[in-house]
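Student: Any chance you could fold what I've pasted below:
(one chain, ligands or ions: 1)
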Amino acid sequence: MTTHGHKKLRILIVASEVIPYAKTGGLADVAGALPKALLHQEPHTEVAVVMPKYGTIPDGKWGLKTRLTGLAVPMGMGEVYCDVLEGSTANGKAKVYFIHNSRYFDRDELYGTAEGDFGDNAERFAFFSRAVLEMLHRLDWFPDIIHCNDWQTGLIPLYLKKFYRDDPKLKGKYSGVRTLFTIHNLAYQGLFPKWVLPMTGIGWEDFGSNGLEFYDQVNYLKAGLVFSDALSTVSETYANEIQEPEMGNGLDGVLQDRGDDLYGIVNGVDYEDWDPATDKDIPARYTAATVVRKEESKKLLLTGQNLPYQEGVPVFGIVSRLSDQKGLDLISEIIEPFLSMDVRFVVLGTGDQRYHYLLEGMRTRFAHKLGVNFKFDNRLAKLIYAGSDLFLMPSRFEPCGLGQLISMKFGTIPIVRKTGGLADTIEDLSPDGKKGTGFMFEDYSGAELLGALKRAVDAFHQPKVWKAMVQRAMAQDFSWDASAKKYLELYHLILNKP
Ligand code: ADP
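Tutor: The predicted model follows:
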């Protein structure tokens, strides 16, 4: 093996969502921003990305070109075919390949609807994973590292080891390919009944405790954890937390076994996309020096929500998936005393039906203080980041979290629970008010959240403390540079492993 020290590194990032093409959460931000960041650090790297082509990605709009047709993908039930389209990212410097199979991916949603996950997700993402590996052969382009992300890509390391690395017919073309598997959220594992296994083409010999079996079910994420050459997750705290039973989602043992190969690299923010100084979606652009102009966004935000604007009244915002993870149950627990204070509160999110009902109910009771929006809307998200004074993120767990980083850039102070990436990126306001970038509470309890909210409102009403805090938050640098350097180091480390 070469040491790869001087060789041009080839990286293939595989993800089920990538901005600007498809997004439901932070994974898309990461997969979209990482190529650019890697190329910025090491311009000689070759970076490509691959994702499914969903029904929501019109070829025309993005100028996608057909790159491969009739790509045969071996599945348990026989060959299934797809085309591969090609687009680009990172200002045209990285290719994006789209796996195009209408039956699996020509839908308006990525993984399911509000009623639940699609019934054929096991098949969709087994197909996607295998198609990625087949595509390389047809493109005659073999990366040094396949950087897999989350359960949708979990079978890739297994398929690679079983069917590609050592197959003599493939003449060693895949033998140098290594895998990194990144966990963006351990709570989503791709768990399916074991009868899906024959469909994947994987034999029962790999359905064991050392394989992808998990309490007698098939677990795609576990396949990634077990068969990849190295693992990473998106903050150091989360990397430690998931090796403990409380946060391990049943996989803490597996993660402990692989503890020496598990790294924590915090996500960056792409400040080309997230910057109030250049943002066209907000009514008045601003920097730290002109942060008073946030007020324009605030007025527009509240008008749009039918809430009365009043100078000196703090506005709280949320942009989030509405799931148990994000602390919605805590918020509902304390919403009454919270909204009894002189505040405004704007929520944007989609997710569990029961949180929709719950928030809907609260709005009727607090019509002049609360605005709720059940949709995915990038523009409204920007307006909330810009037009709020405080951003709520009381997560039960949080692998990294982007909302708190984005909000700091917009001069909006995050209120977070001390967990995962939130603990790594936010500093609690010190008692003398001279240090800190947010408000942090430790126990997952309504009382502690309410305490943090009260402290936040108090601080908001002390202009000197508040202004200095906003300046500190805006000066934080979570750009991708440092994180991209760490990923490059990790890629090299994987390639230099015996
Ligand atoms: P997660 O990936 O767990 O959902 P993150 O904080 O890592 O959470 O990333 C969430 C990303 O998705 C952020 O960029 C946030 O602004 C965005 N987002 C979440 N919900 C919405 C929504 N309803 N509309 C627009 N953007 C959203």
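Student: mind checking which helix or strand of the chain has the lowest mean pLDDT?
Tutor: helix 59-62 (a mean of 87; mean pLDDT, DSSP states H and E).
Student: Buried residues in the helix or strand following that one, which are they?
Tutor: Downstream of helix 59-62, the next assigned helix or strand under DSSP states H and E is strand 65-75. Within strand 65-75, the residues that count as buried by 16 or more other Cβ atoms under 10 Å are 67, 68, 71, 73, 75. Bear in mind the C-beta positions are built from the backbone N, C-alpha and C, glycine included.
Student: Give the partner strands of strand 65-75 in its sheet and their orientations.
Tutor: According to DSSP bridges, strand 65-75 forms sheet pairs with strand 78-89 (antiparallel).
Student: So which residues make contact with the partner strand?
Tutor: Residues outside strand 78-89 that contact it (Cβ atoms under 8 Å, 6 or more residues apart in numbering) are 18, 21, 32, 35-36, 49, 53, 59, 62-73, 94-101, 127, 131, 135, 138-139.
Student: And those residues, which of them are buried?
Tutor: Counted by 16+ other Cβ under 10 Å, the contacts of strand 78-89 give 18, 21, 32, 35-36, 49, 53, 64, 67-68, 71, 73, 94-101, 127, 131, 135, 139 as buried.
Student: what's the burial count for the closest residue to the ligand within the chain?
Tutor: At 2.4 Å from the ligand, residue 26 is the closest residue in the chain, using Cβ to the nearest ligand atom. Each residue near residue 26 was counted by other Cβ atoms under 10 Å, and the total is 22.
Student: Report the contact partners of it.
Tutor: 184, 234, 267, 399, 400, 401, 402.
Student: at 6 Å instead, please
Tutor: residue 402 (Cβ atoms under 6 Å, 6 or more residues apart in numbering).
Student: What of residue 332?
Tutor: So residue 332 contacts residue 358 (Cβ under 6 Å, 6+ apart).
Student: part of a helix, is it?
Tutor: Yes: using DSSP: H, G, I helix; E, B strand; the rest coil, the assignment for residue 332 is a helix.
Student: State the pLDDT value of it.
Tutor: pLDDT, residue 332: 88.
Student: The ligand contacts on the chain?
Tutor: 25-26, 29, 185, 319-321, 348-350, 376-378, 381, 400-403 (Cβ under 6 Å from any ligand atom).
Student: For burial, what's the neighbour tally of residue 341?
Tutor: Count around residue 341 with other Cβ under 10 Å applied: 15.
Student: From residue 323, how far off is it?
Tutor: Residue 341 sits at a distance of 26 Å from residue 323 (criterion: Cβ to Cβ, to the nearest Å).
Student: got it, and residue 399?
Tutor: For residue 399 relative to residue 323 (Cβ to Cβ), the value is 13 Å.
Student: In terms of neighbours, single out the busier of the two.
Tutor: residue 399 (30 against 17).
Student: Surely that one is in a helix?
Tutor: No: counting by three-state DSSP, residue 399 is not part of a helix but coil.
Student: Look through this protein and tell me its longest helix.
Tutor: Counting residues, the longest helix found in the chain (DSSP state H) is helix 121-139.
Student: and it, what does it pack onto?
Tutor: With contacts taken as 3 or more Cβ pairs under 6 Å, 6 or more residues apart in numbering; DSSP states H and E, helix 121-139 sits against strand 65-75, strand 78-89, helix 155-159.
Student: how about the least confident helix or strand of the chain as PDB, C-alpha atoms only?
Tutor: The C-alpha trace of helix 59-62 is given here as PDB (Å, rounded to 0.1, in the frame of the first residue of the first chain):
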ATOM      1  CA  ASP A  59     -33.300  17.900 -13.600                       C
ATOM      2  CA  GLY A  60     -34.100  21.000 -15.500                       C
ATOM      3  CA  LYS A  61     -33.600  23.400 -12.700                       C
ATOM      4  CA  TRP A  62     -30.200  22.100 -11.800                       C
END
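Student: quick one on the thing from earlier: for residue 477, which of the helices and strands packed on helix 121-139 is the nearest?
Tutor: strand 78-89 (22.9 Å; Cβ to Cβ).
Student: which of the residues in the closest one are buried?
Tutor: Per 16+ other Cβ under 10 Å, strand 78-89 contains these buried residues: 80, 82, 83, 84, 85, 86, 87, 88, 89.
Student: Reformat these as a markdown table; add distance to residue 444.
Tutor: Formatted as a markdown table, the buried residues of strand 78-89 follow (distance: Cβ to Cβ, whole Å):
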| residue | distance to residue 444 |
| --- | --- |
| 80 | 44 |
| 82 | 44 |
| 83 | 47 |
| 84 | 45 |
| 85 | 44 |
| 86 | 45 |
| 87 | 42 |
| 88 | 43 |
| 89 | 37 |
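Student: which one of those is nearest residue 197?
Tutor: Distances from residue 197 to those, taken by Cβ to Cβ, are shortest for residue 80, at 16.6 Å.
Student: Need the contact partners of stretch 369-386.
Tutor: Residues contacting stretch 369-386 (Cβ under 6 Å, 6+ apart): 276, 279, 281-282, 297, 301, 305, 307, 317, 319, 339, 344-348, 350, 356, 359, 362-363, 406-407, 410, 412.
Student: In strands only, show me these.
Tutor: 317, 319, 344, 345, 346, 347, 348, 350 (DSSP state E).
Student: Bridge partners for the first one, pull those for me.
Tutor: The reference is to residue 317. With DSSP bridges as the rule, residue 317 is bridged to residue 346, residue 391.
Student: residues in contact with it?
Tutor: Residue 317 touches 346, 384, 388, 391, counting by Cβ under 6 Å, 6+ apart.
Student: mind checking how far it is from residue 348?
Tutor: Counting by Cβ to Cβ - residue 317 and residue 348 are separated by 8 Å.
Student: With residue 429 instead?
Tutor: For residue 429, the distance to residue 348 - Cβ to Cβ - is 25 Å.
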